[in-house]
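K.L.:
output the structure for:
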Amino acid sequence: MPPALLFPIQPTYPDQVIPFGELVMNGLAGRLWLGQSFAVESHQMIAYLVGRGIKVPTGLGVTLMPLRHPMEAAAQARSLALLTGRPVVAGYGAATPELVESLRGTPYRKPATAAAGYAGTVRGMLDGVISGHDCEACVARGGLPTMKHAPVEVGLGVLRPGMARAAGGVADVAVTWMTPPGYIKDTLIPALAEGAAGRARVPRVATVVHVALANPSRDPVKLAQNAAGRHLTAPHYTDMLRRAGVPAAPADPQAGAKALVDAGVYAYGTPQEVVQRLRDYREAGVDEIILNTVGVGVTEGLKAAAADAEQILTALADADE
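P.N.:
The predicted model follows:
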């Protein structure tokens with residue numbers, strides 16, 4: 001699949017997203033992804049782009065399960081497919097235990113099992129009627145009115161083998177974030193295949209990769225910390241990185257940021273060097289590489305982030321000719 005592009009922050013006003021949407025509409029990227037937003041809500045942001053004439057394939061990577069019932073999630077996802085006329089990846093994540101507790105009163109006892117139940121129910125709502133479902137994440141019966149729309153794939157956020165096995169059983173797409181290519185190849189893809197035993201196919205892999213172009217005025221460790229500082233204080237992210245051989249600990253996000261740069265997980269360099277790093281993900285079995293220029297966006301602004309994205313996407317297109 002062609003590379004995709006993530007809008008790198010939570011938008012505070014809709015026109016911020018237009019330059020990124022135009023890069024997809026103009027053919028440099030194959031899909032526009034948005035993450036969970038507590039500013040301008042992501043589904044509504046995509047609907048706004050449609051109103052501006054930007055009708056492109058989209059991905060939600062990921063929105064948080066406890067915020068909406070699977071019937072509402074399915075209705076929102078297929079609404080985007082209908083409005084855009086283009087395929088949609090509706091990706092969901094279990095959220096942190098703290099957020100789940102704040103919304104539900106108690107965290108999920110088994111997040112991977114809850115995520116599988118939730119994603120399977122969204123898929124069922126999209127495909128027809130749920131005769132009866134009751135799991136830790138949701139209770140669901142009934143279904144949605146039949147509609148014709150562009151394809152909707154259901155995704156699950158995946159970092160570690162347990163969630164990969166759960167996604168393998170129910171999801172169309174495994175959405176990974178900050179996962180090194182060797183770890184994807186040797187750990188996550190085998191776990192997805194294990195979970196998918198008996199299914200017609202293994203979920204495809206879509207991976208968000210932090211990228212930035214080298215510049216004498218830029219400090220890659222600062223960019224990496226601005227990009228991933230919050231994730232580098234999270235136990236589940238740092239555990240994943242340590243499993244992948246990248247030394248990271250929640251107590252020292254600056255050291256974690258340096259480790260990301262040293263390991264190439266933060267893909268920093270000339271356009272050609274970044275392209276080579278992205279090729280490593282393709283060779284590891286990643287189906288859809290999602291460029292994330294958030295480090296540049298937070299440090300220098302969205303205009304600089306879009307410019308980096310355009311240069312890298314152009315270099316990828318040139319390399320593939």
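K.L.:
every contact and neighbour count from this point should use C-alpha atoms.
P.N.:
OK.
K.L.:
what sits against R78?
P.N.:
Contact analysis of R78 by Cα atoms under 8 Å, 6 or more residues apart in numbering lists 88, 126, 149-150, 152.
K.L.:
do T238 as well
P.N.:
Contacts here follow Cα under 8 Å, 6+ apart; on that basis T238 touches 231-232, 247-250.
K.L.:
do the same with D219
P.N.:
With contact set as Cα under 8 Å, 6+ apart, D219 has no partners.
K.L.:
let's see the pLDDT reported for it.
P.N.:
We note a pLDDT of 98 for D219 in this prediction.
K.L.:
show me what the longest helix anywhere in the chain is packed against.
P.N.:
Taking DSSP state H as the assignment, the helix of the chain that covers the most residues is helix 302-320. In terms of contacts (3 or more Cα pairs under 8 Å, 6 or more residues apart in numbering; DSSP states H and E), helix 302-320 is packed against helix 18-25, strand 204-213, helix 271-284, helix 294-300.
K.L.:
make it 10 Å
P.N.:
The elements that helix 302-320 packs onto, with contact taken as 3 or more Cα pairs under 10 Å, 6 or more residues apart in numbering; DSSP states H and E, are strand 4-6, helix 18-25, strand 204-213, helix 271-284, strand 288-292, helix 294-300.
K.L.:
a markdown table for these, including distance to P180 and mean neighbour count?
P.N.:
Below are the helices and strands packed on helix 302-320 laid out as a markdown table (distance: least, Cα to Cα, whole Å; neighbours: other Cα atoms under 10 Å):
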| stretch | distance to P180 | mean neighbour count |
| --- | --- | --- |
| strand 4-6 | 18 | 28 |
| helix 18-25 | 25 | 20 |
| strand 204-213 | 9 | 25 |
| helix 271-284 | 8 | 18 |
| strand 288-292 | 12 | 26 |
| helix 294-300 | 18 | 21 |
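K.L.:
with distance to R165 added, can I get those in CSV?
P.N.:
Putting the helices and strands packed on helix 302-320 into CSV (distance: least, Cα to Cα, whole Å) gives the following:
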stretch, distance to R165
strand 4-6, 25
helix 18-25, 32
strand 204-213, 13
helix 271-284, 18
strand 288-292, 19
helix 294-300, 29
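K.L.:
can I get the ones you listed in CSV with distance to G105 and mean pLDDT?
P.N.:
Putting the helices and strands packed on helix 302-320 into CSV (distance: least, Cα to Cα, whole Å; pLDDT from 0 to 100) gives the following:
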stretch, distance to G105, mean pLDDT
strand 4-6, 32, 98
helix 18-25, 38, 98
strand 204-213, 31, 98
helix 271-284, 39, 98
strand 288-292, 33, 98
helix 294-300, 32, 98
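K.L.:
closest to A197 out of these?
P.N.:
With Cα to Cα as the criterion, A197 lies closest to strand 204-213 of the helices and strands packed on helix 302-320, at 14.3 Å.
K.L.:
could I get the CA-only coordinates of the closest one as PDB?
P.N.:
Taking C-alpha atoms only, strand 204-213 is exported to PDB below (Å, rounded to 0.1, in the frame of the first residue of the first chain):
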ATOM      1  CA  ARG A 204      -2.800  -6.400   8.000                       C
ATOM      2  CA  VAL A 205      -0.400  -4.100   9.900                       C
ATOM      3  CA  ALA A 206      -0.500  -0.300   9.800                       C
ATOM      4  CA  THR A 207       2.400   1.300  11.700                       C
ATOM      5  CA  VAL A 208       2.800   4.900  12.800                       C
ATOM      6  CA  VAL A 209       6.400   6.000  12.400                       C
ATOM      7  CA  HIS A 210       7.900   9.200  13.800                       C
ATOM      8  CA  VAL A 211       9.900  11.000  11.100                       C
ATOM      9  CA  ALA A 212      11.800  14.200  10.700                       C
ATOM     10  CA  LEU A 213      14.300  15.600   8.200                       C
END
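K.L.:
with that, I have no additional questions.
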